[in-house]
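>>> Fold the following and give me the result.
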Amino acid sequence: MKICVLSSGSKGNTTYIESEKVKILIDIGNSAKYVKEKLEDIGVEPEEINAVLITHTHVDHVKGLKVFENKYNIPVYITDVMLKSLDYLNNYVFLENEFDIGDMHIIVIKTSHDAPDSRGYIIISGDDSIVYITDTGYINKKYFDILSNRNVYVMESNHDIEMLNNGSYPFNLRQRILSDKGHLSNYDSAKYLSSFIGNNTKCIILAHLSEDNNTEELAYNTLIERLNDSDIHVDNIIIAKQNKETELVKLWLRLFVLEKLKKSI
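Numbers count the residues shown, from 1 in each chain. Down below sits the predicted model:
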């Protein structure tokens, strides 16, 4: 499989995932024009997209959905509760707990956020697997087993708790972010990842970093410290970025080992 985080942050979130036979997007939180351009940057035409999976209905995850769906008539996977906020959709499919799109098997994870019926996903194709979880206050223990030892984790690392508490956000907003229906801190993200990753894990992508209450260095160092304390090593740790074309993140899963071998020869 292949994955490319086209944009990640409070201004927009869109991720592209490809298997041998299927091409999907998770969320369209940027303008349809932006998503089209970023897809073309990685050699993909919007018409090739087979499905869009929605995590939740906050604007930074669905901003470009209406235009994109109308223009390309691509099926959008949502819950019946999400539909109340996305009633403009013409081509939609209700999510099941598990389902297939071509050669992709998708497991749906319930997340905890202050949005109706928020979701995360495990995408599996052949021996490859990707976990995608952002915008959640915590991860339910009942999912720990199926989340463990996956190849790639796209995991929210939204804020540094000290920066948030000492920053300019009003008290009510800080409490919302820190709540069980808010966002994962760097500490919580690192804690979950250290318990999930295993021998099959090749890459971690830290996502949805706050521009006001986090830095890339803090997110990265918090994770590294936790992994070191647990005697865990992961070759590739990537920080997903907001909508800057020069900071497009690309990840080609099947080439990880080959590229590493080529560089060492």
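>>> wait, residue 2 sits on residue 18?
Yes - counting by C-beta atoms under 8 Å, residue 2 touches residue 18, with 4.3 Å between them. In this view, the C-beta of every residue, glycine as well, is placed from N, C-alpha and C.
>>> what do these two both touch?
By C-beta atoms under 8 Å, 6 or more residues apart in numbering, residue 2 and residue 18 have no common neighbours.
>>> mind checking the end-to-end distance for stretch 116-131?
Start to finish, the residues bounding stretch 116-131 are 21 Å apart (C-alpha to C-alpha, to the nearest Å).
>>> Now that stretch: buried residues?
Of all the residues in stretch 116-131, those buried under the rule 16 or more other C-beta atoms under 10 Å are 117-125, 128-131.
>>> just for the stretch 51-200 of the chain, where's the confidence low?
For the stretch 51-200 of the chain, no stretch has pLDDT under 70.
>>> What about the buried residues of stretch 116-131, which are in strands?
Among those, DSSP state E puts 119-125, 128-131 in strands.
>>> Now for those residues: which two are most distant?
Farthest pair in these (C-beta to C-beta) is 119 and 128. Separation: 20.5 Å.
>>> could you pull out the helices for this structure?
32-41, 59-62, 65-72, 80-83, 144-147, 161-165, 171-178, 186-196, 216-229, 256-264 (DSSP state H).
>>> Of those helices, which stretch is the most buried?
Across the helices of the chain, the average number of neighbours (mean count of other C-beta atoms under 10 Å) peaks for helix 186-196, which reaches a mean of 22.
>>> quick one, that one and helix 171-178 angle?
Helix 186-196 and helix 171-178 are oriented at 10 degrees to each other (axes from the mean of the first three to the mean of the last three C-alpha atoms, to 10 degrees).
>>> Residues contacting helix 186-196, please?
With C-beta under 8 Å, 6+ apart as the test, helix 186-196 has contacts from 131, 138-139, 144, 147-150, 153, 155-161, 184, 204, 206, 214, 218-219, 222-223, 225-227, 229-230, 232.
>>> do that again at 7 Å, thanks
With C-beta atoms under 7 Å, 6 or more residues apart in numbering as the test, helix 186-196 has contacts from 139, 147-148, 153, 155-157, 159-161, 204, 206, 214, 218-219, 222-223, 226-227, 230, 232.
>>> sorry, back to before: looking at the helices of the chain, which is closest to residue 47?
helix 65-72 (6.0 Å).
>>> Export that closest one to PDB, keeping only CA atoms.
What follows is helix 65-72, C-alpha atoms only, in PDB (Å, rounded to 0.1, in the frame of the first residue of the first chain):
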ATOM      1  CA  LEU A  65     -16.300  17.300   0.500                       C
ATOM      2  CA  LYS A  66     -19.400  18.800  -1.100                       C
ATOM      3  CA  VAL A  67     -17.600  20.200  -4.200                       C
ATOM      4  CA  PHE A  68     -15.400  17.100  -4.600                       C
ATOM      5  CA  GLU A  69     -18.300  14.600  -4.300                       C
ATOM      6  CA  ASN A  70     -20.500  16.700  -6.700                       C
ATOM      7  CA  LYS A  71     -17.700  17.000  -9.300                       C
ATOM      8  CA  TYR A  72     -16.400  13.400  -9.200                       C
END
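>>> and the angle for that helix with helix 32-41?
Computed by the same axes, to 10 degrees, the angle between helix 65-72 and helix 32-41 is 60 degrees.
>>> from the chain's centre, how far out does helix 65-72 sit?
With C-alpha atoms, centre = their mean, to the nearest Å as the basis, helix 65-72 stands 21 Å off its chain's centre.
>>> what pairs with residue 16 across the strands?
Going by DSSP bridges, residue 16 is paired in beta bridges with residue 4, residue 25.
>>> I'd assumed residue 26 was in contact with it.
No - with contact defined as C-beta atoms under 7 Å, residue 16 does not count as touching residue 26 (8.1 Å).
>>> Show me which of those two is the more surrounded one.
residue 26 (28 against 20; other C-beta atoms under 10 Å).
>>> count of neighbours near the nearest residue to the more buried one once chain neighbours are set aside?
Closest residue to residue 26 apart from its sequence neighbours, by C-beta to C-beta, 6 or more residues apart in numbering: residue 15 at 4.4 Å. Residue 15 has 27 neighbours, counted by other C-beta under 10 Å.
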